[in-house]
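Asks: sequence first, then the predicted structure:
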Amino acid sequence: MITDTRNNRMEAGTYTFEVATMPCQVAAGDFLKWQFEFKVAGSQDKPFKMGFFDNQMGELLSALGFKQIEEGVFDWDSTDAYGKSFKAELFYEEDRNGKINEYTKKIQTYRKLRSFEAVLTPAMRKKNEPKPQDIAWEE
């Protein structure tokens, strides 16, 4: 077995990301947040996970093409997010309390995304394409 223990984090910059798995809700203390797994388009790097509270998802949902039915309220389904792409700027932000990471002995940094943009993929252009759950098999 080969294990890469180096800290090979992506360089800050603008990338096209794809939703690699269906988003799900996970517990974050007393709250729930949405966990997304993203992969970088054209990269062989393994996907990475990011969590978003509801009030942090507006730009992401908009960039994924979901309809905003009123200010800050989106009509979306997590099954429809899988495979959609968007562009965003990846950056790293230090812990606001200056918390030192025990392993690196440096101030903890968090991966974040901003400046979301929609990316139209061939799958998004096929508006009438049936979804897997809409297909019925006759036997």
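Replies: Yes, it's here.

Asks: if I look at the closest residue to V119 other than its chain neighbours, how far off is A63?
Replies: Spatially, and ignoring its direct neighbours in sequence, V119 is nearest to S85 (4.2 Å; CB to CB, 6 or more residues apart in numbering). From N, CA and C alone the C-beta is placed, and that goes for glycine too. Taking CB to CB, to the nearest Å as the measure, S85 falls 9 Å from A63.

Asks: just E18 next, same as before
Replies: 12 Å.

Asks: joint contacts of those two?
Replies: Residues touching both E18 and A63 by CB atoms under 8 Å, 6 or more residues apart in numbering: none at all.

Asks: name the residues of stretch 50-59 that are buried.
Replies: For stretch 50-59, the neighbour count (16 or more other CB atoms under 10 Å) marks 50, 52, 57-59 as buried.

Asks: now stretch 33-50
Replies: Residues of stretch 33-50 classed as buried: 33-34, 36-40, 48, 50 (neighbour count, 16+ other CB under 10 Å).

Asks: counting only helices, which of those make the cut?
Replies: Counting by DSSP state H, no part of the buried residues of stretch 33-50 is found in helices.

Asks: which of those residues sits closest to K67?
Replies: The shortest approach to K67 among these belongs to W34, at 17.4 Å (CB to CB).

Asks: just the pLDDT for the closest one.
Replies: W34 carries a pLDDT score of 94 in this model.

Asks: would you confirm that it contacts F52?
Replies: Yes - look at W34 against F52 with CB atoms under 8 Å: they come within range, at 5.0 Å.

Asks: contacting residues for P23?
Replies: 34-37, 78, 81-82.

Asks: just the closest of the residues you listed to K112, please.
Replies: Comparing the contacts of P23 against K112 with CB to CB places F36 closest, at 12.8 Å.
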